[in-house]
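*Asks:* From the sequence below, what's the structure:
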Amino acid sequence: MLELVDESGTTIGSAEKLAAHRAPGQLHRAFSVFLLDDRGRLLLQRRALSKYHSPGVWSNSCCGHPYPGEPPFVAAARRVGEELGVAPALLGEAGTVTYTHPDPESGLVEREFNHLFVGSLATAPRPAPEEIAETSFVTSGELTKREAAEPFSVWFRTVLEAALPTIRELAGPAADW
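*Replies:* Numbers count the residues shown, from 1 in each chain. As a prediction, the model looks like this:
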């Protein structure tokens, strides 16, 4: 079940996950996590091919939906552990962003009030294969090249742009974000 929200992020109900993603989509609470290594490189994940939504595409370090009533920070930390097999060394809030992105491949719609989190990893990820096909740490320049050559989730650029100020702050000027 997902937590449905209004445009200001106030909870207004709940819906089954797939139903909330069917066109035209229902606005629901979500989170996106961006994790950096000690060199300021961003951890990307390629979603497992078995995922019902956006399989095999690259995306941010971790994303998902809190359970109804679960604080977004708690959900983000929980899913980092479940998907990546590690706990972030640092994890902080980086604002929110609201968007509607139809996914032409699946016909589903991402209509989300997304809580953003940026943090760092001190240990190598151990991805859960049912969630993640592969991971990669990238610099800003490497990300640009990868985005030009490989498919990314429909929400990736929106959440990245919204989180960039906090990513830049954490990574420092040498990382060139």
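
*Asks:* residues contacting Leu18?
*Replies:* Tyr52 (C-beta atoms under 8 Å, 6 or more residues apart in numbering). C-beta coordinates here come from the backbone N, C-alpha and C atoms, glycine included.

*Asks:* Next, the buried residues of whatever helix or strand it lives in.
*Replies:* According to DSSP states H and E, Leu18 maps onto helix 17-21. Residues of helix 17-21 classed as buried: Ala20, His21 (neighbour count, 16 or more other C-beta atoms under 10 Å).

*Asks:* starting at the chain centroid, how far to that helix?
*Replies:* Its chain's C-alpha centre and that of helix 17-21 lie 17 Å apart, by C-alpha atoms, centre = their mean, to the nearest Å.

*Asks:* Can I get the helix or strand just after that helix in CSV, CA atoms only?
*Replies:* Remark: after helix 17-21, the chain's next helix or strand is strand 28-36, criterion DSSP H and E. What follows is strand 28-36, C-alpha atoms only, in CSV (Å, rounded to 0.1, in the frame of the first residue of the first chain):
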residue,chain,number,x,y,z
HIS,A,28,1.6,9.5,-3.6
ARG,A,29,4.5,9.8,-1.3
ALA,A,30,7.9,8.4,-2.5
PHE,A,31,11.6,8.9,-1.8
SER,A,32,14.8,9.0,-3.8
VAL,A,33,18.3,8.5,-2.3
PHE,A,34,21.6,9.6,-3.8
LEU,A,35,24.7,8.1,-2.2
LEU,A,36,28.3,9.3,-2.8
